[in-house]
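>>> One predicted model, sequence on top.
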Protein chains: 2
Amino acid sequence: MARVIVDVMLKPEILDPQGQAIARALPRLGFSRVADVRQGKRFEIEIDGPADEAEITKMAETLLANTVIEDFTIRLEQ
Amino acid sequence: MARVIVDVMLKPEILDPQGQAIARALPRLGFSRVADVRQGKRFEIEIDGPADEAEITKMAETLLANTVIEDFTIRLEQ
């Protein structure tokens, strides 16, 4: 049983209105030192047997991320 | 300038219909070894000056996570 984390974030050049809304709300709540916020998705995937990085990459490209506007990173957790 | 990652995931006892939908879709796309998927949120926050973990924790509790149903973890990067 392997555990894989896939983080999906909007590409840097894509506008992130969710992140901007958070960045604007934080100063109003008293957190004045926030310069920028980007929001993305995190997937925790349990795999039967050993994790195959090529397979996870295909999974992320096919279903988890829209690679036109999003980047993803894969982390295998023992 | 510090960079902080806040990961927000539903608590394990809370049903995750998004994750379940992905877990059901993956076998249809040929990924048969997926046992479970949980979906959460990832925030990348840029802070002016050094990051203060207590301040980030308060920020996560106040705005980023609903602590009734979600857990969060904080990672300071470099």
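Yep, it's here.

>>> Could you use CA atoms for every contact and neighbour count after this?
Fine.

>>> mind checking which helix or strand A:Ser32 is in?
According to DSSP states H and E, A:Ser32 maps onto no helix or strand at all.

>>> Distance check, the residue lying closest to it once chain neighbours are set aside against B:Ala21.
Excluding the flanking residues, the one nearest A:Ser32 by C-alpha to C-alpha, 6 or more residues apart in numbering or on different chains is A:Leu26, at 7.0 Å. Distance of A:Leu26 to B:Ala21, given as C-alpha to C-alpha, to the nearest Å: 32 Å.

>>> do A:Arg33 as well
In terms of C-alpha to C-alpha, A:Arg33 sits 38 Å off from B:Ala21.

>>> Show me which of these two is the more surrounded one.
A:Arg33 (16 against 12; other C-alpha atoms under 10 Å in any protein chain shown).

>>> For the closest residue in space to A:Ile47 that isn't next to it in sequence, what are phi and psi?
Spatial nearest neighbour of A:Ile47, excluding adjacent residues (C-alpha to C-alpha, 6+ apart): B:Val34 at 4.6 Å. Note on B:Val34: backbone dihedrals following degrees, to the nearest 10 are phi -80, psi 120.
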